[in-house]
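Peer 1: give me a 3D structure for the following:
(one chain, ligands or ions: 3)
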Amino acid sequence: MENYKITLLKGDGIGPEIVNQAVKVLDKAAEKFNFTVEYDEALLGGCAIDATGVPLPEETVAKCKASDSVILGAVGGPKWDNQPGNNRPEAGLLGIRGALGLFANLRPSVIFGPLKSASPIKDEIIGDNMDIMIVRELTGGIYFGERGRDDSSAWDTEKYSVAEVERIARVAFDMAMKRNKKLTSVDKANVLESSRLWRQTVINVSKDYPEVELNHMYVDNCAMQLVRNPKQFDVIVTSNIFGDILSDEASMIAGSIGMLASASLSGGKLGLYEPIHGSAPDIAGKGIANPLATILSVAMMLRYSLAQPEAAEAIEAAVAKVLETSRTPDIYEEGLTKVSCEEMGDLVCAQL
Ligand code: NAD
Ligand code: IPM
Ligand code: MN
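Peer 2: Ligands and ions are numbered 1, 2, ... in the order given. Predicted coordinates for the structure are as follows:
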């Protein structure tokens, strides 16, 4: 029987509540699909600052590296907003992405049938099976470029190498080949030199993928097109910061940011799986957070890191079924049952 070692980084705010539900679901999937899971917890973010003085203790990196995969809740919150930039909870998140070499962030925006009416976008615009995969570069660009501050100014640098763009482009083209063979590369090549290098590099890589239909779009237009006609997209590949923004936008088409999962991959087996949302300080501790983004991130982990695709599909099917009747407040609609974070976790387990 396969045994997987999973490191849990529960983090701050709603992080612990949502990760606890994801663990319950993973345990249920293990029981059903005949594998076992061993958990270890480590500190990341504000909780790590409180306990050790830094947002990413070395022990956390070591534990993650020694595991088959990592599940992360979320980090950050007002308590730590006045920390110096390099010692904020968010710096810990960037640090672990860098330390594990997680350059490829997959953020699927899929609408579950029962949630169509929870989306602010009209039914006919969404269509029957909106399914967009955003491939976000995760260890380069302005997040990792040189930054600084003097008495009267501050700066951050958007810098990409050909090698960095090539490897994320390959992930996106490979993904497109497994899907509908359509790739949109999003940049700001009308203004940014780094985007011109991005675009040229993507075009060069496209020569190895003659079957994929490639188009280029400026990020401002893409932000608009996502709302005007999301059906035109299959796979989107973009830089770190553009991917951050566009994926939050795409989440709302799917009904709520509480629904969007993500996988951060390094090219090897080890991945980090986390919802795209943050620590939601406004609802932390109230028991009303939507745990489905984290539960669906576990499904991605089963698919991309643990080679258990049937367990992944079973979790996704269970989520779809539960949504027919029960909702956390962020996706609640009249006539259905309003449930807490914990009840949602229990319902998905029961359905599994
Ligand atoms: P956020 O995603 O935490 O919250 C935005 C809004 O969405 C809030 O109203 C929140 O209540 C709601 N929301 C988010 N997740 C939800 C869920 N699962 N269920 C129901 N509602 C949910 O973004 P923010 O408010 O801009 O950031 C809060 C903190 O989180 C900041 O410190 C930020 O840096 C951090 N953050 C962390 C991550 C991460 O750890 N990956 C991601 C984004 C933001
Ligand atoms: C995300 C978050 C992070 C990011 C922050 C908290 C560093 O917004 O995972 O989307 O910008 O990557
Ligand atoms: Mn974000």
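Peer 1: in the stretch 1-150 of the chain, what residue is nearest ligand 1?
Peer 2: Residue nearest to ligand 1 within the stretch 1-150 of the chain: G76 (2.4 Å; CB to the nearest ligand atom). (C-beta placed from N, C-alpha, C; glycine too.)
Peer 1: could you pull up phi and psi at the closest residue to that residue other than its chain neighbours?
Peer 2: Spatially, and ignoring its direct neighbours in sequence, G76 is nearest to P89 (4.3 Å; CB to CB, 6 or more residues apart in numbering). Main-chain dihedrals, P89, degrees, to the nearest 10: phi -50, psi -40.
Peer 1: can you check the one 10 residues further on too?
Peer 2: With angles defined as degrees, to the nearest 10, A99 shows backbone torsions of phi -60, psi -30.
Peer 1: check contacts around the residue lying closest to it once chain neighbours are set aside.
Peer 2: Here the nearest residue to A99 in space, its sequence neighbours aside, is V61; by CB to CB, 6+ apart that works out to 4.8 Å. Neighbouring residues of V61 by CB atoms under 8 Å, 6 or more residues apart in numbering: G95, I96, A99, L100.
Peer 1: next up, phi/psi of the nearest residue to the first one once chain neighbours are set aside, please.
Peer 2: Spelled out, it's G95. Among residues not flanking G95 along the chain, L56 sits closest, at 4.1 Å (CB to CB, 6+ apart). Torsion angles at L56 (phi, psi; degrees, to the nearest 10) stand at phi -140, psi 90.
Peer 1: go on, R147?
Peer 2: phi -140, psi 160.
Peer 1: just checking, it touches T157?
Peer 2: Yes. At 6.7 Å, R147 counts as touching T157 under the criterion of CB atoms under 8 Å.
Peer 1: near ligand 2, which residues of the stretch 251-352 of the chain show up?
Peer 2: I276, G278 (CB under 6 Å from any ligand atom).
Peer 1: quick check: the residue of the stretch 251-352 of the chain nearest ligand 1.
Peer 2: Closest to ligand 1 within the stretch 251-352 of the chain is G278: 2.3 Å, counting by CB to the nearest ligand atom.
Peer 1: since we're on that residue, how many residues are nearby?
Peer 2: 21 (other CB atoms under 10 Å).
Peer 1: that's a helix at it, yeah?
Peer 2: No. Under DSSP: H, G, I helix; E, B strand; the rest coil, G278 sits outside any helix and is assigned coil.
Peer 1: count the neighbours of T36 for me.
Peer 2: T36, neighbours per other CB under 10 Å, totals 11.
Peer 1: and the pLDDT at the closest residue to it other than its chain neighbours?
Peer 2: Closest residue to T36 apart from its sequence neighbours, by CB to CB, 6+ apart: N3 at 4.6 Å. pLDDT for N3: 98.
Peer 1: now do N3 against A30, distance only.
Peer 2: Separation of N3 from A30 (CB to CB, to the nearest Å) stands at 9 Å.
Peer 1: tell me which of the two has more neighbours.
Peer 2: Between N3 and A30, counting by other CB under 10 Å, A30 is the more crowded of the two (19 against 10).
Peer 1: so which residue of the stretch 251-352 of the chain comes closest to ligand 2?
Peer 2: I276 (5.3 Å).
Peer 1: and for the stretch 151-300 of the chain?
Peer 2: D244 (4.3 Å).
Peer 1: how about the chain?
Peer 2: Nearest residue of the chain to ligand 2 (CB to the nearest ligand atom) works out as E90 at 3.9 Å.
Peer 1: helix or strand: which one has that residue?
Peer 2: Taking DSSP states H and E as the definition, one finds E90 inside helix 89-99.
Peer 1: show me what contacts D128?
Peer 2: Contacts for D128 (CB under 8 Å, 6+ apart) come out as G113.
Peer 1: excluding chain neighbours, what is closest to K338?
Peer 2: Y332 is the one closest to K338 (CB to CB, 6+ apart), at 5.2 Å.
Peer 1: pLDDT at the one you found, what is it?
Peer 2: At Y332, the model reports a pLDDT of 96.
Peer 1: ok, now K28?
Peer 2: 98.
Peer 1: isn't it up against L347?
Peer 2: No. At 11.3 Å, K28 does not count as touching L347 under the criterion of CB under 8 Å.
Peer 1: per-domain residue ranges of the chain.
Peer 2: For the chain, the structural domains run 1-110+257-352, 120-253, going by automatic domain parsing.
Peer 1: residue numbers of the stretch 251-352 of the chain in contact with ligand 1?
Peer 2: So the stretch 251-352 of the chain meets ligand 1 at 257-258, 274, 277-283, 289-290, 293, 330 (CB under 6 Å from any ligand atom).
Peer 1: report the two of those separated the most.
Peer 2: E274 and D282 (19.2 Å; CB to CB).
Peer 1: if we can go back for a sec, tell me which element the residue of the stretch 151-300 of the chain closest to ligand 2 falls in.
Peer 2: Using DSSP H and E, D244 sits within helix 240-253.
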